[in-house]
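Novice: pasting the sequence and the predicted coordinates here, then a few questions.
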Amino acid sequence: MNKKKNIVVLTSGGGTNLQALIDAEKRNELGNGKITCVIASKEDAYALVRAQNNNIKTRTLIRKDYNDVNQYTEDMLKLLLEEKADVIVYAGFMTILGDAVCDAFPNKMVNVHPALIPSFCGKGYYGLKVHEEALKKGVKVSGATVHFVTNECDGGPIILQKAVEVKDEDTPETLQRRIMEQAEWKILPKAVQLLCDDKILVKNGITYIL
Ligand code: GAR
């Protein structure tokens with residue numbers, strides 16, 4: 001067996017998707033990957049506690065300390081290289097990084113987005129806002145998408161998607177929770193496993209699972 005790939009998880013908040021990844025690793029469901037570091041963009045991200053509880057190295061790179069996204073991107077790139085990241089997972093990471101990071105890790109970075117891309121995605125669509133907009137539009141299904149991170153916000157090749165029913169009585173919070181439980185926490189670890197096992201082929205912007 002090859003040396004396991006170093007998975008570095010980027011996060012900004014509660015970290016339930018990080019927890020899903022940690023739990024998947026415990027069940028041996030991350031294939032040839034191992035979570036080696038969690039980097040948070042906020043000091044008080046609960047994701048940091050989840051990582052520490054599981055003896056995973058944590059680092060912080062605080063977004064609000066920077067005026068300039070390019071400097072933030074450069075410092076993030078340094079951290080990722082220091083951590084010898086093979087696979088990078090955006091798990092509730094709320095910062096759009098500059099091109100330098102995407103360019104350094106082509107088809108090695110994945111993001112989980114809480115809607116069925118190309119709906120309710122792109123700049124400004126993050127966290128609860130996505131579910132507010134889905135309810136405003138009155139969609140009957142929403143869901144989650146895991147995709148490669150490219151220089152286009154939420155525009156990289158789609159790896160996995162899962163649809164989730166929207167109910168008449170949903171609030172943004174109840175819809176968010178159902179999408180996390182039924183979609184995000186399942187398809188994110190699965191996509192990471194596929195990536196760590198070199199099972200994803202990307203051709204002309206389309207992915208194929210080998
Ligand atoms: C998740 O729903 C994730 O899909 C979303 O934020 C939440 C983070 O929750 N991410 C985005 O909106 C990114 N555009 P978590 O911290 O509990 O994983």
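Specialist: Structure received.
Novice: C-alpha only now, for contacts and for neighbours.
Specialist: Noted.
Novice: return the set of buried residues in stretch 202-210.
Specialist: T207 (16 or more other C-alpha atoms under 10 Å).
Novice: ok, stretch 183-198 next?
Specialist: By neighbour count on 16+ other C-alpha under 10 Å, the buried set for stretch 183-198 is 183-197.
Novice: quick check, nearest of those to the ligand?
Specialist: Nearest to the ligand among the buried residues of stretch 183-198: E184, at 6.6 Å, using C-alpha to the nearest ligand atom.
Novice: if we ignore the residues flanking it in sequence, what's nearest that closest one?
Specialist: In space, E184 comes closest to A144 once its chain neighbours are excluded; the distance is 5.8 Å by C-alpha to C-alpha, 6 or more residues apart in numbering.
Novice: for V112, same thing?
Specialist: Nearest non-adjacent residue to V112, counting by C-alpha to C-alpha, 6+ apart: V146, 4.5 Å away.
Novice: so who does that neighbour touch?
Specialist: Contact analysis of V146 by C-alpha atoms under 8 Å, 6 or more residues apart in numbering lists 110-113, 158-161, 187-188, 191.
Novice: mind checking which of those residues land in helices?
Specialist: Judged by DSSP state H, helices contain the following of the contacts of V146: 187-188, 191.
Novice: include pLDDT and distance to the ligand when you put these into TSV, please.
Specialist: Compiled in TSV, the ones in helices among the contacts of V146 are given as follows (pLDDT from 0 to 100; distance: C-alpha to the nearest ligand atom, whole Å):
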residue	pLDDT	distance to the ligand
I187	98	11
L188	98	9
A191	98	14
